[in-house]
Structures are given as C-alpha cells and as structure tokens.
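Asks: no sequence on this one, just coordinates:
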C-alpha cells in the first residue's frame, strides 16, 4: 500500500473506511489495519520517549469487528506490547480507562460511529485525550513506510472489560448530585440504542438508580442496524424514540449513536431535545451563577445565543466538526477563559469537568440529574429551556461540485471569498466574527434571518444553512444567495434552486 492509499482512510482525527464488501470493495484491509496500529505504537514511543506498558482495545457492534480486532491484537503483540481486549464497549470508556488504575497507557477503539454497516474504523487515545488530525497524518506516513522492527518476543493478550467500572462511576455521580441512592425511583426512562453499543445503559446505569426501563427498544447489539441508523440526528431514529416515549408514558427517552459518544433525548411530552434545545439544556446545567463561554459549532441558532446570554454566558460559534469545537474550548481554557462546555449540534457534548471528552452517556447522566432535581421542584426538563426562542424556519441545503480539476476545496474557498465581497458591495450585513465560511444577516422585510455557506469538513460538498424568524423567509434569503453564486460552472446549484422553489410554495 502507498501513502495515497492510507491517506484516503483519514477522517478528521479518526481512521475510517469500507470494512465489509457488501456494497463496495474493502479499503480498510487487514494490511492497512495492521500497519496503522504498528505506526500508532511508533508514534506513541516517539512522542512519550517510552514504549506503552499495555494498550486497551475495544469495539462497537460492527459486522467487520472480528476481522479487524484480530489484526489490531496481532499488531500490538507483534510489537512486543501487551494488549487488553475489552470487548463490546463505548468509545468514551476507552479514554476513561486510561484515567483509572487499569494498567494501560493507550487505547484503540474499533468503530465508525453512525456510518453505514459496511464501514469501520479506528480511534486512538492516550491519557491526554484523543489524537488530532496532524497526529493521524504522521501515523499514516509511518504506516506507508512500513519499516517496523521485528521483535523476538511477543506481547500477551488478556481479556478484561472496563464497562462495569465506567458505569458505576456514572451511577455514583447521579447519587452524589441528588443526595440519595435511588433518585430515579418512580421514573420511567427508556433507551433507544439503535442496536448499537448503548444497550448497557439500562442495566448498568438506569436500573441501579431506580428507574423503570420497560419499553426500551433496540438494545440488542446488531451491526446490520435492522431498525434504524443509531444516530441522534436521524429523523427515523428520533421518531422511533418519540413513539416509544408516548406509548410507554415515559418521563424521558434517550438515544445514543453506535459507540455512545453522542446522545439526544425526548421529554415526557414527546418533544425532541436535540440540536439547539440540547445545547440550551446543557448550558443551563453548567452556567449557573458563574457564567462562562459555551463553544458550539457554527450552525446554531440566533435564539440559542440569546438564551445563553440570558443565563449570563457567552456563546462562541466556532467551526463545524466536534474536534474543532472541543479544541477551541481547550485552547480558551488554557488562556484562562472559563469554558464549561463544548458542544456540537450533532450531539457531541464535552464538559470541562469530564476532561472535555465527548461522551453521550455522561451527557445523559447530567440530564438524569436535572430530571431528578426538576421532579423535586414539581417541574419538567422542558421548563428549563422554555424561554429558548426557535426560528420560524431552519434548513440545510447541500450543493456539490461539477469540477473536473478535482480541487474542490480551492474552488469552494474562492466562492466563499466572492460571496463576502459581492455581499458587502451590495450592502448586505456580512457577519465579521465568523470562524468558517461566510455568514450574512438579513433584517426584517428582507428575510429576517441569515445564511451560512461553508465547506464540508471532509467531503466535496458545500453545506448552506438557513434560518429565518418568519415563514417564507428562507426562500427569500436563498434567492438572494443564488444571485451571488450563480454562474460558476463547477457548482451544481440544482438543490438550491429546488429549495427556493419548494420553500416559496410553502409560504
């Protein structure tokens, strides 16, 4: 394999590829997995000037797990390093075990999050946290060089799960915050695990806290995802949870993605607590009297900004990509700014008091504490965010590239700069404090909202987000945007034109 082959497996700060030949040829091959893991160990030794004592290896439910875990364990032990095989687990737990007396210096999680069933990947952790994109670049270059030492002795493999300890810590957090051992007694809380790894939450977290979990759905691990994609943003998934909550008359429903680093919720009335509502709820939990900066991705609503500021906080819209959001909060914290929360609309939530780790189970644990506290007051979770203003319309349109040059990123950057220039020339309100793409605000009578044009983090796609405070406003704003970008032969604007046409009809 050449470096170009390895580079295609990079997905931000993760490794992801096609791991089962159900639909397409495998790209995350045995050779690729083996060499990447060997390269990770070389990276670790270079960075820390020592070899790891042992490396923990965990996985989610994917159908290619058996093949990939075999190569991961072979690579670790061939490098004369011991491996601890942790079995089915959540991604966050694979970091938390490095903070515990578990005897490991690094960990590898085999997962591709919410991607289709034929995909899989690798995530790497040290005690400092997850690796960054630059680290992955270095690892892939080393993997391509394939100059690994042959060791006379091999490492050993032991099998030990960390999940019971991880879950016990979540239970203890709720009990401590609520001042009682069974704070959810009398409450029905149901889980939709989407046949991913999150089914553990019922038995190991909710029931010890006294919750009734009858009516929970899709708890059985199944890497074919027969019911719906385990993704809190997926409409079918959320609708399944809503229906279950209403049918069971539950006090709360929670949903996880495949490897439990993201979560969403549905309240007792079947109302979705996701995206801006989820961020608002998490902000209530952490701001209190101290205030602080909440770092989010760029597509959050204007109403959310007003809500956070009403709590005495500051809302910083940063770049899309959960790693970008977390890294910015960490950077500001290092500079002395209080940032209790970094959270993306996708459901990646990283609290400062939890090592800025994006952990869906930890997020839900904080929600359970809030639920118990609100119950004592005779109130609901919805009461905490009832002042959050929602836009009349919000939408995302994705346009693609027809480019033959293949340099879609350079072309996209050119379009964004042209929009800034043309919008300013036409007297439009180009938002100056914007960390990615271009955002333009529109006053009442001109759409009463905004558009944000940016480049996708990974794909040859230009996502466009719209928000308006009036019905039909998005169509007005989208039409103004189209006038700014029409004429580029390398842009496929069909989706934008269709949106304008159909949104206009709904006015």
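Replies: Structure received. This one's a predicted model, so the numbers in the text were calculated from it and none came from an experiment. Numbers count the residues shown, from 1 in each chain.

Asks: so what's the backbone phi/psi at residue 195?
Replies: Phi and psi for residue 195, reported as degrees, to the nearest 10, are phi 60, psi 20.

Asks: Identify the residue nearest it in space, chain neighbours excluded?
Replies: Nearest in space to residue 195, with sequence neighbours left out and distances taken as CB to CB, 6 or more residues apart in numbering, is residue 222 at 4.0 Å. To be clear about C-beta, it is placed using only N, CA and C from the backbone, and glycine gets the same treatment.

Asks: what about residue 204, how many neighbours?
Replies: Neighbours of residue 204 under the rule other CB atoms under 10 Å: 17.

Asks: List the contacts of the nearest residue to it once chain neighbours are set aside.
Replies: Leaving aside its chain neighbours, residue 204 sits nearest to residue 167 (3.7 Å; criterion: CB to CB, 6+ apart). Residue 167 sits next to 200-201, 204-205, 361 when contact means CB atoms under 8 Å, 6 or more residues apart in numbering.

Asks: need those in JSON lines with pLDDT, secondary structure and distance to residue 273, can you?
Replies: Putting the contacts of residue 167 into JSON lines (pLDDT from 0 to 100; DSSP: H, G, I helix; E, B strand; the rest coil; distance: CB to CB, whole Å) gives the following:
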{"residue": "200", "pLDDT": "98", "secondary structure": "helix", "distance to residue 273": "22"}
{"residue": "201", "pLDDT": "98", "secondary structure": "helix", "distance to residue 273": "16"}
{"residue": "204", "pLDDT": "98", "secondary structure": "helix", "distance to residue 273": "23"}
{"residue": "205", "pLDDT": "98", "secondary structure": "helix", "distance to residue 273": "18"}
{"residue": "361", "pLDDT": "98", "secondary structure": "helix", "distance to residue 273": "16"}
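
Asks: just those residues now: which is nearest residue 267?
Replies: Set against residue 267, the nearest of the contacts of residue 167 by CB to CB is residue 201 (17.6 Å).

Asks: and that closest one, how many neighbours?
Replies: Using other CB under 10 Å, residue 201 has 27 other residues around it.

Asks: any idea how far residue 167 is from it?
Replies: Distance from residue 201 to residue 167, counting by CB to CB, to the nearest Å: 8 Å.

Asks: which neighbours do the two share?
Replies: Here residue 201 and residue 167 share the contacting residues residue 361, scored by CB under 8 Å, 6+ apart.

Asks: what's near enough to touch residue 84?
Replies: If a contact means CB under 8 Å, 6+ apart, then residue 84 has 54-57, 102-104, 157-160 as its contacts.

Asks: Give me the secondary structure label for the closest residue to it other than its chain neighbours.
Replies: Sequence neighbours aside, residue 56 is the residue nearest to residue 84 in space, at 4.6 Å (criterion: CB to CB, 6+ apart). Under DSSP: H, G, I helix; E, B strand; the rest coil, the three-state class of residue 56 is strand.

Asks: count of neighbours near residue 56?
Replies: 28.

Asks: cool, and residue 492?
Replies: Residues lying near residue 492 (other CB under 10 Å) number 14.

Asks: returning to that earlier point: so how far is residue 159 from the residue nearest to residue 84?
Replies: To residue 159, residue 56 is 11 Å away according to CB to CB.

Asks: Also residue 323?
Replies: Distance, residue 323 to residue 159, by CB to CB: 31 Å.

Asks: Can you pick out the residue with more neighbours from those two?
Replies: More crowded of residue 323 and residue 159, by other CB under 10 Å: residue 323, with 21 against 9.

Asks: Looking at that one now. What's its pLDDT?
Replies: Residue 323 carries a pLDDT score of 89 in this model.

Asks: which element is it on?
Replies: Here residue 323 sits within helix 322-334, counting by DSSP states H and E.

Asks: got the contact list for that helix?
Replies: 12-13, 130, 132-133, 293, 295-297, 316, 318-319, 339, 341-344, 346, 348, 350, 352, 356, 358, 457.

Asks: Distance from that helix to the middle of the chain?
Replies: Taking CA atoms, centre = their mean, to the nearest Å, one finds the center of helix 322-334 at 14 Å from the center of the full chain.

Asks: what helices or strands is the very next helix or strand once past that helix leaning on?
Replies: Next in sequence after helix 322-334, counting helices and strands by DSSP H and E, comes strand 341-343. With contacts defined as 3 or more CB pairs under 8 Å, 6 or more residues apart in numbering; DSSP states H and E, strand 341-343 has these neighbours: helix 275-287, strand 292-296, helix 322-334, strand 349-351.

Asks: Tell me which of these approaches residue 387 most closely.
Replies: For residue 387, the closest of the helices and strands packed on strand 341-343 is helix 275-287, at 8.9 Å, according to CB to CB.

Asks: Could you list the residues in contact with that closest one?
Replies: 233, 264-265, 273, 292, 294, 296, 300-301, 303-304, 307-308, 311-313, 340-341, 343, 345, 347, 349, 351-352, 363, 366-367, 369-370, 381, 384-385, 388, 390.

Asks: Just the angle for that helix relative to strand 292-296, thanks.
Replies: Calculated by axes from the mean of the first three to the mean of the last three CA atoms, to 10 degrees, helix 275-287 forms an angle of 150 degrees with strand 292-296.

Asks: Give me the most central residue, the chain.
Replies: Nearest residue to the geometric centre of the chain (CA atoms, centre = their mean): residue 348, 3.7 Å.
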